[in-house]
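Peer 1: Build me a model from this:
(chains A, B and C)
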Amino acid sequence: MVAVNDSVNVALSLGEKMHALATKLFPICRSITGNGVRQTLDIIRREVPLQIHEVPSGTKVFDWEVPREWNINDAYIKNSNGEKIVDFKNCNLHVLNYSIPVHKKVNLEELKKHLYFLKDYPDWIPYRTSYYKEEWGFCITYNQFSQLKEDSYEVCIDSTLEAGNLTYGESFIPGMTSEEVLISTHVCHPSLANDNLSGIGVAVSLIKTLLAKKSRYSYRFVFIPGTIGSITWLACNENVIPRIKHGLVASLLGDNGAFTYKRSRRGDAEIDVIAEYVLKSRDGRNKIIDFFPYGYDERQYCSPGINLAVGNLSRTPFGQYIQYHTSADNLDFISPASLEDSYHTYLEIISVLDDNRKFINTNPNCEPQLGKRGLYNLQGGNNDAKDFQLALLWILNLSDGTSNLLDISKRANMKFESIRYAASKLEECGLLVQA
Amino acid sequence: MVAVNDSVNVALSLGEKMHALATKLFPICRSITGNGVRQTLDIIRREVPLQIHEVPSGTKVFDWEVPREWNINDAYIKNSNGEKIVDFKNCNLHVLNYSIPVHKKVNLEELKKHLYFLKDYPDWIPYRTSYYKEEWGFCITYNQFSQLKEDSYEVCIDSTLEAGNLTYGESFIPGMTSEEVLISTHVCHPSLANDNLSGIGVAVSLIKTLLAKKSRYSYRFVFIPGTIGSITWLACNENVIPRIKHGLVASLLGDNGAFTYKRSRRGDAEIDVIAEYVLKSRDGRNKIIDFFPYGYDERQYCSPGINLAVGNLSRTPFGQYIQYHTSADNLDFISPASLEDSYHTYLEIISVLDDNRKFINTNPNCEPQLGKRGLYNLQGGNNDAKDFQLALLWILNLSDGTSNLLDISKRANMKFESIRYAASKLEECGLLVQA
Amino acid sequence: MVAVNDSVNVALSLGEKMHALATKLFPICRSITGNGVRQTLDIIRREVPLQIHEVPSGTKVFDWEVPREWNINDAYIKNSNGEKIVDFKNCNLHVLNYSIPVHKKVNLEELKKHLYFLKDYPDWIPYRTSYYKEEWGFCITYNQFSQLKEDSYEVCIDSTLEAGNLTYGESFIPGMTSEEVLISTHVCHPSLANDNLSGIGVAVSLIKTLLAKKSRYSYRFVFIPGTIGSITWLACNENVIPRIKHGLVASLLGDNGAFTYKRSRRGDAEIDVIAEYVLKSRDGRNKIIDFFPYGYDERQYCSPGINLAVGNLSRTPFGQYIQYHTSADNLDFISPASLEDSYHTYLEIISVLDDNRKFINTNPNCEPQLGKRGLYNLQGGNNDAKDFQLALLWILNLSDGTSNLLDISKRANMKFESIRYAASKLEECGLLVQA
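Peer 2: Numbers count the residues shown, from 1 in each chain, chains lettered A, B, ... in the order given. From the prediction side, this is the model:
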């Protein structure tokens, strides 16, 4: 376990810092609206610049409207002896998320209609929601459930569901151009660690890194509730959409599985090609799958009228690990090492994306004389020099404005890094200009 | 064997009815012109509405002209004892089809120049024609041939070859649009059952079915002599050609082999995609082959200046069964079960074709809220409901006017039927309109 | 070994004649400029018409300029006893090609800085050049090198490097159209047989053959020094470039390896398709590889601003045989049989290229009536007739102006030769016209 306090402990590794942030955010009872999201964004704002937006209940957002705001103070089930047998204060998963308020006595039969449990995992509490159907309920372990006897139970959910706001956060890092890369992560899950605190941690670390460097693209990170949050964000930012050239939905980044990249709806967008290149070069077990209209907020970003080049990059995909949407998706389930590896994977994709320019060979008729520019290895020599030479020739040959550097690296069967370096040398001596 | 009479026996299965029609048509001596075709079309007209056309001999039809009309009353070979050793009245295959009239005495040597037989199948009579070279001849079994002795033979072919007409039939079933589907079957073979009575039977049954339902497309069935018939039909119907969007040449549909679909010249026409989808989903043994400029009337429909999206769907292809073009292609060679299965295969292709619309998602920005339209399965639940849900999402996601329902079903890896059903539900509540 | 003299020995096979020409050219000390090239072109001019061009030193050719002209009279290393231990007169490879003049005494240490040898092949002299860095040097066997003792050595390179010309030759064979096919071979290597005398020999034989026949294309053969020669030729012939529709760089054609065709930068040019078709049909061991920006003069022809449809056709590619760029690439390394086979391979490619026309079916609506034109095999009959018939139908069906004869032969799975023959018959009777 990682020790956490508000002052940054400089001795922590990057992965440990991400895990520490997750630990701080873990106890908060988040939902798609309400104070849980606000508290979460406040903590993120202590780490990185963040603009917080409030969108009033009832606002029309495309085919939907922003729902009433949900908040909760307490919830419990007491038996007839007045003993709390289920207590929200122990674990916020105990309450069906978005439960309407209730306070009454019920018999066992009535109570059971409002209970959710997992028979196959008798120690785990499931995570359940009812955003759009008015309902109250409790999620408990199967062990708790099986001990329930005929009795008169006091059920209390001290929640409010009232006109308010949907809250989301945005961190924008201007680049050399107004073209944007969108990184979207959801912030609506209560005490679940991989889904969604791992995504928040990786996003925060990436913001810190990108703030410290000069990038071609502007980067926009959004921290939003799932589904209704991305719908709201898109509806409120229709002017921004045309500037978004690439994007990733970040989630499920702390478990120890290999990565799965789910392509954008376009399927052959530059982000799709780059994510595949980076994932395959980092680890052969990483997987690439085609878009399907189910999952996280890529569903909205990739709806036919929006159709952004946004993929989803997670480790083990949703629903494919048994702890998914249960109390077992806790702080032990995510590791500093996995979080840090996820950060580096995202950063490599961003780095390739940012440098994946197209160039024009300024001297396209025959080869330029590299020797007179000091780029020709007159001595013959070692393999690095030969590879550098070949990289120069490939770039010159293919830089007619149709191929980007990753295209060239694939065609040449050379690493992107080698092609990027050689291109920088050719640009320096004026043999390349940006297309 | 199936009992046949003119009044329809309602106890017959559909396959038996098709076999009964074939049985009725079997004895007629058809050719590319003449009364055999007329009698055949008259019998078809008793079953379904049919317009009969007569095109005069000498009419220019593209590079060809309609030939003289051929009719035959009788034909025989008598030995010097006056015994008929070969008799047209026993089997109309005995006469070389389109033989010029002849009545004379010949010796064995001369006779042999005009005899056709199959040494490998000594009991079978071959089917031979000589439409464009003036010739007379007899087709006999090898057993008959081998018993011929030196003798003086009387050969008589009481045929006429005179200015007349080429006859064809057409059945047109108007649909909701003027776009047409063409089903073409040839009617020029004499006593051969699979080639061509099976095609006639399936076509007649399809007409009856289509008359009873409302279709998007108009359907045009043509009953024509092979080659010169389709050339004549195309030459006489140049105004119709642009309306034909899809088509199939129907023949060889009564044997017990798997289906072979031969693609149109275009190769990727919608009919090609749909025929492949239906055949593969019905039976893994069904085969798909590319177009080649040889075979039945698809040769004309797929000539470069016409280039219609017309494929050929048969069971065992021509020339690939030993009974092909012999007296063994008889009524026992075709079965009610195969005919009925052929009918259902054609009907499924027609059904997918007719319903394979493209839609536009009227709410393309983000997902529409299915819940408020009663399309969201709030309870979670069984697999059918989950599949229905996923079908809705796939259709909404891909309905931008570029994908038809079959495209979507393939992309979603779901049955066309499931996608069609879900699309109808989305159309009902206004989330889809036809593209 | 082949006997050689100036009068042509008519008893020699074509391969022997090519080998004899190589033998005559072998002793000449060629480089990228100078009298060696002139003597080479003079000998070629005795065989075929050849226009010789001189381009002055200092001429700007794209990013380069024509270098000073290099000539050499003699070179040697003498030991302190006055013995010539290395003698240019024994083998012109002994001198670092383009060495500046030098005449001085050096000790062993200094001498070694200017020596090149091959430790792995102690009997072979390497071939080295220093065109663009002022340098002097000797190439010797490792056996020579290892006998060197501490001594005072007299090194003498009696060369000149002065303003002069770059020399190249051109042979142009006008065809029926002004569209050109370029065959380029380099003439800058001294006593090396496969690289480059084999290419010269094949080119000369092809010129003789093409002069004797009527071709669709005009053929342009260029005999140029590598790299700077093709750059100079392109710079001096910018008006010719648009007329060049296809081309091949010819070299390494005398060894006994299978062929390797390296595609043009375009990758799917007609020459790429035809070279692949011919090579695969001639010998399954022949290989096809994609373009890469390294190798021979295709580097220049395929630079992005030029981008000609020029591939490279050699036997064993450069650098893939151990004798490459050593004294072991001698007249024994190339054989008359390989040279002759190379000639026939080139000629077949040229023949397919020249005849690979596109036609228009003048009778595109339905099939034309072949019978009335004597093209229909009325008797049925043998397989050749059937294949001819099928070839006619394929050509008629696909001749809508989009497919050339090789496309048709592949689609029909028939030999190009059969399709070409059938097309000629259809053209004769007016059913085809050139597209």
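
Peer 1: For the stretch 251-400 of chain A, which residues are neighbours of chain B?
Peer 2: Counting by Cβ under 8 Å from any Cβ of the partner chain, the stretch 251-400 of chain A comes close to chain B at A:265, A:292-294, A:299-300, A:302-307. To be clear about C-beta, it is placed using only N, CA and C from the backbone, and glycine gets the same treatment.

Peer 1: go again using 7 Å as the cut-off
Peer 2: Residues of the stretch 251-400 of chain A lying close to chain B (Cβ under 7 Å from any Cβ of the partner chain) are A:265, A:293-294, A:299-300, A:303-306.

Peer 1: Would you convert those into a markdown table that also reports pLDDT and neighbour count?
Peer 2: Shown next, in a markdown table, are those (pLDDT from 0 to 100; neighbours: other Cβ atoms under 10 Å in any protein chain shown):
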| residue | pLDDT | neighbour count |
| --- | --- | --- |
| A:Arg265 | 98 | 25 |
| A:Pro293 | 97 | 21 |
| A:Tyr294 | 94 | 15 |
| A:Arg299 | 97 | 24 |
| A:Gln300 | 98 | 27 |
| A:Ser303 | 98 | 27 |
| A:Pro304 | 97 | 21 |
| A:Gly305 | 97 | 13 |
| A:Ile306 | 98 | 20 |
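
Peer 1: Out of these, which comes closest to chain B?
Peer 2: A:Gly305 (3.0 Å; Cβ to the nearest Cβ).

Peer 1: ok, the closest residue to the closest one other than its chain neighbours - how many residues close by?
Peer 2: Leaving out its chain neighbours, the residue that sits closest to A:Gly305 by Cβ to Cβ, 6 or more residues apart in numbering or on different chains is B:Pro364, at 3.0 Å. Around B:Pro364 there are 20 other residues, counting by other Cβ atoms under 10 Å in any protein chain shown.

Peer 1: does B:Pro364 sit in a helix, a strand or a coil?
Peer 2: Under DSSP: H, G, I helix; E, B strand; the rest coil, B:Pro364 falls in the coil class.

Peer 1: Then A:Ile77?
Peer 2: Secondary structure assignment for A:Ile77 (three-state DSSP): strand.

Peer 1: give me the beta-bridge partners of it?
Peer 2: A:Val86, A:Val155 (DSSP bridges).

Peer 1: what's the answer for A:Ala250, then?
Peer 2: For A:Ala250, the beta-bridge partners are A:Leu313 (DSSP bridges).

Peer 1: Surely A:Lys245 is in contact with A:Thr177?
Peer 2: No - between A:Lys245 and A:Thr177 there is no contact under Cβ atoms under 7 Å: 9.3 Å.

Peer 1: Counting neighbours, go ahead and name the busier of the two.
Peer 2: A:Lys245 (18 against 12).

Peer 1: name the helices or strands packed onto the helix or strand the more buried one falls within?
Peer 2: Element membership for A:Lys245 (DSSP states H and E) is strand A:244-250. For strand A:244-250, the packing partners by 3 or more Cβ pairs under 7 Å, 6 or more residues apart in numbering or on different chains; DSSP states H and E come out as strand A:180-186, helix A:199-211, helix A:270-282, strand A:310-314.

Peer 1: Mind listing what's buried along the second one?
Peer 2: Burial within helix A:199-211, assessed by neighbour count using 16 or more other Cβ atoms under 10 Å in any protein chain shown, is assigned to A:199-207, A:210.

Peer 1: Tell me which residue lies nearest the centroid of chain A.
Peer 2: Most central in chain A under Cα atoms, centre = their mean is A:Ala250, positioned 1.7 Å from the mean C-alpha point.

Peer 1: Next, the closest residue to chain B within the stretch 51-200 of chain A: phi, psi?
Peer 2: Of all residues in the stretch 51-200 of chain A, A:Asp63 sits closest to chain B, at 4.3 Å by Cβ to the nearest Cβ. Per-residue torsions, A:Asp63: phi -80, psi -10 (degrees, to the nearest 10).

Peer 1: List the contacts of it.
Peer 2: By Cβ atoms under 7 Å, 6 or more residues apart in numbering or on different chains, the residues touching A:Asp63 are B:363, B:366, B:368-369.

Peer 1: Only whichever of the residues you listed are buried, select them in ChimeraX.
Peer 2: To isolate the buried subset of the contacts of A:Asp63 in ChimeraX, counting by 16+ other Cβ under 10 Å, use the following:
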select /B:363,366,368,369
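
Peer 1: A:Ala163: which of the contacts of A:Asp63 is nearest?
Peer 2: Nearest to A:Ala163 among the contacts of A:Asp63: B:Gln369, at 19.2 Å, using Cβ to Cβ.

Peer 1: May I have the residues that are in contact with that closest one?
Peer 2: Contacts of B:Gln369 (Cβ under 7 Å, 6+ apart): A:63-64.

Peer 1: which bits of the stretch 101-250 of chain A sit near chain C?
Peer 2: Going by Cβ under 7 Å from any Cβ, none of the residues of the stretch 101-250 of chain A are near chain C.

Peer 1: Which residue is it, in the stretch 101-250 of chain A, that comes closest to chain C?
Peer 2: A:Arg216 (23.8 Å).

Peer 1: my read: that residue touches A:Ile173, true?
Peer 2: No - look at A:Arg216 against A:Ile173 with Cβ under 7 Å: they stay out of range, at 11.8 Å.

Peer 1: State the phi and psi torsions of the closest residue in space to the residue of the stretch 51-200 of chain A closest to chain B that isn't next to it in sequence.
Peer 2: In space, and not counting its chain neighbours, A:Asp63 is closest to B:Pro368: 4.3 Å by Cβ to Cβ, 6+ apart. Per-residue torsions, B:Pro368: phi -70, psi 160 (degrees, to the nearest 10).
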